[in-house]
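Visitor: sequence unknown, structure follows:
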């Protein structure tokens, strides 16, 4: 296991908590055993990123159980979260995001490692990878990811900058 920085105020979800039945909190979190809060670390910066996996509600609990276990076992990134039925998620109401974090979006090797681990868990749909900075700036939706991975592959495709 490794120690990691967490930018959010949260606690690990109880083992029995399921996103499809939780309405009193917007997110459930998975954390490894050792974590610390960056508010106490003056050197922390918003360099993290995240893989975004949108699951239909009928598959949400099973997908979340696999991700939560993998985070706790140290197989994915430093933490993960899932939107519950109590979230204010504004996307497709029949889906919720499972978000798997990496410590540094600039570390392409680790971004790819987490992608491969997600595929090994059975995640086969297309995925997007976004920086924490983009989220902090309020950037959501199409065009905000810096990588995508087509369904069923471990290809890491950088976003094309269309602003040139």
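Guide: Nice, I can see it. As the structure is a computational prediction, the values presented were derived from the model and not from experiment.

Visitor: could you say what helices and strands the helix or strand containing residue 68 packs with?
Guide: Counting by DSSP states H and E, the element that carries residue 68 is helix 57-72. In terms of contacts (3 or more Cβ pairs under 8 Å, 6 or more residues apart in numbering; DSSP states H and E), helix 57-72 is packed against strand 27-30, strand 49-56, strand 80-83, strand 95-102. Quick note: C-beta positions are derived from backbone N, CA and C, even for glycine.

Visitor: all helices for this structure, in order.
Guide: 57-72, 108-120, 132-136 (DSSP state H).

Visitor: same list (the ones you listed) but as TSV, adding mean pLDDT.
Guide: Compiled in TSV, those are given as follows (pLDDT from 0 to 100):
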stretch	mean pLDDT
helix 57-72	96
helix 108-120	98
helix 132-136	92
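
Visitor: the ones you listed: which one's closest to residue 25?
Guide: helix 57-72 (13.7 Å; Cβ to Cβ).

Visitor: touching that closest one from outside, list them.
Guide: 13, 18-21, 28, 30-33, 53, 55, 76-80, 82, 94-96, 98, 100, 117-118, 121-123 (Cβ atoms under 8 Å, 6 or more residues apart in numbering).
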